[in-house]
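Student: Here is a sequence with its predicted model. Questions after.
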Amino acid sequence: MATNWSANPRCPAHLRAEVEARALSFPPAFLNEPANGEVFENVDLCRERLQGFAFTQGFAIVQTSGSMTQKHPRFYFQCIHHGRKTQNNRDLEEHIERDENGKITTHRKQEATSINARDCPYHLWLSYKQVGRRGSGQYGLVLGIKNNAYNHAMAVNPLVYSEHRKSLPARQAIVELSKSLRSAYVSYSAARRVLEQAGFPLDRKSYYNLCQRPISVEKDEFAALVVALEDAGFVFDCRMEEEIDENDKVIDTQLQQIWFAYPDQI
């Protein structure tokens, strides 16, 4: 594991531990600049290596083309800011930022689809070719560097890029939970309380876009929540409050608090 990496001093305090934990989970080689001649077993391993380096630097990598079905397979990777520059007449921040409560703290209130276009020249390729001695018949995917220069400042918080947020193990678990909640027709207001408790608030639009067509309906929202937690593999416990009438009969039950965690976290 890498042991000599720390987050940018200007990285939001409530995200620093998460950013550093992610960076320290990478193999030490990920912290090094990608070099000509690196060999990979498959494209996914190369992508993971490049994205890991980009995470520690403050940018993100996107694959722009490539397929193993080509006669001479070659894959191209570029900085996420590789597109043509776009105007920003209002001098808005490049990305939205949120505090620990999920409240937006920047002037920019939503991500723009073209905000990444900065014409960055950073460009690498991965080609399938012979890696052993001539005539050995040994082939592999070999990295090549076309341009390793940047033309933009690095983000102090790499999690502003969705490519990096999606790769966080904890966030992947929360996305699966969110999908289960959405599929069970749990309302956004109810789901938000659960997700905020887990430390990963989700905005209303993202939540409702998780599943275009929910697959099941539960009339009882609490029952739906329980089903969603079970489906996502969480261990959970609930604190309920019962309303009792004058005859000591339970006439209503309300959920007051719910605790949940993955088995590995216990």
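Tutor: Done, it's in. Numbering: from 1, shown residues only.

Student: And the pLDDT at A190?
Tutor: We have a pLDDT of 75 for A190.

Student: How about the secondary structure of it?
Tutor: Under DSSP: H, G, I helix; E, B strand; the rest coil, the three-state class of A190 is helix.

Student: Report how many residues lie close to it.
Tutor: Per other C-beta atoms under 10 Å, the neighbour tally for A190 reads 15. The C-beta positions use only the backbone N, C-alpha and C, and glycine is treated the same way.

Student: change the start of the numbering to 46 and stick with it
Tutor: New numbering, starting at 46: the last item is A235.

Student: Can you pull the domain assignment for the chain?
Tutor: For the chain, the structural domains run 58-203, 214-310, going by automatic domain parsing.

Student: In terms of mean pLDDT, which of those ranks lowest?
Tutor: Among these, domain 214-310 scores lowest, at a mean of 68.

Student: Pull up the gap between the residue nearest the centre of the chain and G278, please.
Tutor: By C-alpha atoms, centre = their mean, the chain has its centre lying nearest to K211, at 1.6 Å. As judged by C-beta to C-beta, to the nearest Å, K211 and G278 stand 19 Å apart.

Student: Grab the nearest non-local neighbour of W304.
Tutor: D282 (5.0 Å; C-beta to C-beta, 6 or more residues apart in numbering).

Student: what helix or strand is the one you found on?
Tutor: When elements are assigned from DSSP states H and E, D282 belongs to strand 280-289.

Student: Direction included, what does that strand pair up with?
Tutor: Applying DSSP bridges, strand 280-289 is found paired with strand 295-306 (antiparallel).

Student: which stretches of the stretch 196-311 of the chain form helices?
Tutor: Under the criterion DSSP state H, counting those that start in this stretch, the stretch 196-311 of the chain contains helices at 207-210, 214-228, 233-242, 249-253, 266-276.

Student: The stretch 46-195 of the chain too?
Tutor: So, for the stretch 46-195 of the chain - with DSSP H, counting those that start in this stretch - the helices run 58-69, 88-102.

Student: Just confirm G111 contacts Y173, I think it does.
Tutor: No: between G111 and Y173 there is no contact under C-beta atoms under 8 Å: 9.8 Å.
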